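J.: generate coordinates for the sequence data below:
(one chain, ligands or ions: 2)
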Amino acid sequence: MTDSKIRVVVVGANGRMGREVAKTVLNDPLLELVGAVDRSLDQVDVGIVTGYGETGVLFSTNLGETFVRSNPDVMIDFTNPNVIRDNVYTALDYGVRPVVGTTGIPQEDLQAWDGILREKEIGGVVAPNFAIGAVLMMKFAAQAAKYLPHVEIIEMHHDQKLDAPSGTAIKTAEMIAKERQRMEQGHPQEEEKLIGARGADFEGMRIHSVRLPGYVAHQEVIFGGLGQTLTIRHDSIHRESFMPGVAMAAKKVMAIKGLVYGLENLID
Ligand SMILES: NC(=O)C1=CN([C@@H]2O[C@H](COP(=O)(O)OP(=O)(O)OC[C@H]3O[C@@H](n4cnc5c(N)ncnc54)[C@H](OP(=O)(O)O)[C@@H]3O)[C@@H](O)[C@H]2O)C=CC1
Ligand SMILES: O=C(O)C1=N[C@H](C(=O)O)C[C@H](O)C1
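T.: Ligands and ions are numbered 1, 2, ... in the order given. Below is the predicted model of the structure:
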């Protein structure tokens with residue numbers, strides 16, 4: 001890595017997360033915002049971000065063209081599960097390191113991206129949750145599952161969210177699954193009187209998704225044992241909770257080869 005600033009393109013720059021990320025990159029002395037891409041974008045839309053119009057940032061709806069014109073080191077993507085695959089492949093084609101917060105990505109894609117990144121000898125990060133508190137919640141939950149294997153996950157999000165269950169809930173379940181044997185939970189003869197009442201099934205764990213206005217991003221992991229329960233809860237009450245993790249990933253990705261999946265693997 002040289003001493004110069006890391007050149008960053010933010011994709012989904014006009015979205016709820018993209019706006020926060022653009023602000024964070026603009027205010028970080030080690031990062032330089034060189035491009036802002038969205039599906040529909042004009043400077044009036046993103047003008048609410050302080051200083052946005054006066055920084056020489058390239059505003060565009062065309063990702064490939066933005067890469068050619070702004071020559072970035074890193075792409076930070078917060079878009080949606082339907083477009084993330086195309087965006088990452090475009091980044092890989094141009095040798096740009098992807099830092100991805102977008103959720104709903106299948107495991108096969110993660111494996112494929114890892115292979116390409118290794119071939120190109122550059123890094124990438126996919127983190128379903130960039131908030132340090134959420135990462136701790138997942139790690140504590142994985143630890144607890146060794147002793148209390150009966151567990152259900154309840155995630156609560158704003159009602160504009162497209163994917164369910166959340167990326168955080170899936171990552172939590174994956175981390176728990178590594179620490180316990182697959183097992184069925186609840187009564188063997190239990191019967192759903194309304195379809196979905198018992199939530200989604202991940203290796204016997206149940207995941208319940210709540211979508212309501214007023215929420216940002218929240219999750220409870222509830223463990224049950226003989227005569228006791230343990231609840232581990234995390235709340236993101238503002239999207240700024242994700243920003244230190246995003247900025248850290250944009251820097252650390254410069255020294256990685258291959259894909260890192262999960263912020264916990266960058267902080268351990
Ligand atoms: N990892 C983490 O810590 C976090 C992850 N997330 C994830 O980030 C993603 C974005 O969330 P959020 O900001 O709330 O969503 P938003 O819908 O507010 O933002 C997404 C933005 O991407 C734009 N977009 C859609 N298609 C494209 C495309 N092809 N190229 C460029 N831009 C595009 C959307 O435009 P339009 O509205 O016109 O479609 C929108 O402006 C979600 O997957 C969410 O789960 C969210 C919070 C934290
Ligand atoms: O869509 C969101 O808002 C969030 N998405 C991520 C997820 O799916 O886990 C992270 C956080 O929960 C906010």
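J.: spell out which parts of the stretch 51-200 of the chain neighbour ligand 1.
T.: When proximity is defined as Cβ under 6 Å from any ligand atom, the stretch 51-200 of the chain approaches ligand 1 at 78-80, 83, 101-103, 127-130, 167. All C-beta atoms are positioned from the backbone trio N, CA, C, and that covers glycine.
J.: where's the residue lying closest to Val9 once chain neighbours are set aside, which helix or strand?
T.: Counting by Cβ to Cβ, 6 or more residues apart in numbering, Gly35 is the residue found nearest to Val9 once chain neighbours are left out, at 3.6 Å. Taking DSSP states H and E as the criterion, Gly35 maps to strand 31-37.
J.: so what's the residue count around the residue in the stretch 1-150 of the chain positioned nearest to ligand 1?
T.: At 2.0 Å from ligand 1, Gly15 is the closest residue in the stretch 1-150 of the chain, using Cβ to the nearest ligand atom. By the criterion of other Cβ atoms under 10 Å, Gly15 has 18 neighbours.
J.: skipping adjacent residues, who's closest to Ile237 in space?
T.: Nearest one to Ile237, counting by Cβ to Cβ, 6+ apart, is Val216 at 5.9 Å.
J.: quick one: list the elements packing against the strand holding Gly35.
T.: strand 6-11, helix 16-27, strand 58-60, helix 63-70, helix 243-252 (3 or more Cβ pairs under 8 Å, 6 or more residues apart in numbering; DSSP states H and E).
J.: returning to what we had before: is it true that the residue of the stretch 1-150 of the chain closest to ligand 1 touches Thr79?
T.: Yes. Counting by Cβ atoms under 8 Å, Gly15 touches Thr79, with 7.2 Å between them.
J.: residues making contact with stretch 198-214?
T.: 151-159, 161, 164-166, 169-170, 173, 176-177, 182-186, 190, 192 (Cβ atoms under 8 Å, 6 or more residues apart in numbering).
J.: so which of these sit within helices?
T.: Per DSSP state H, helices hold the following members of the contacts of stretch 198-214: 169-170, 173, 176-177.
J.: so how do I select the buried members of those residues in PyMOL?
T.: Under the burial definition 16 or more other Cβ atoms under 10 Å, those of the ones in helices among the contacts of stretch 198-214 that qualify are selected in PyMOL by:
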select buried, resi 169+170+173+176+177
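J.: from ligand 2, how far off is Ser65?
T.: I think there's a mix-up here, since residue 65 is Glu and not Ser. According to Cβ to the nearest ligand atom, to the nearest Å, Glu65 and ligand 2 sit 28 Å apart.
J.: what about that residue, how many residues close to it?
T.: Neighbour tally, Glu65, other Cβ under 10 Å: 13.
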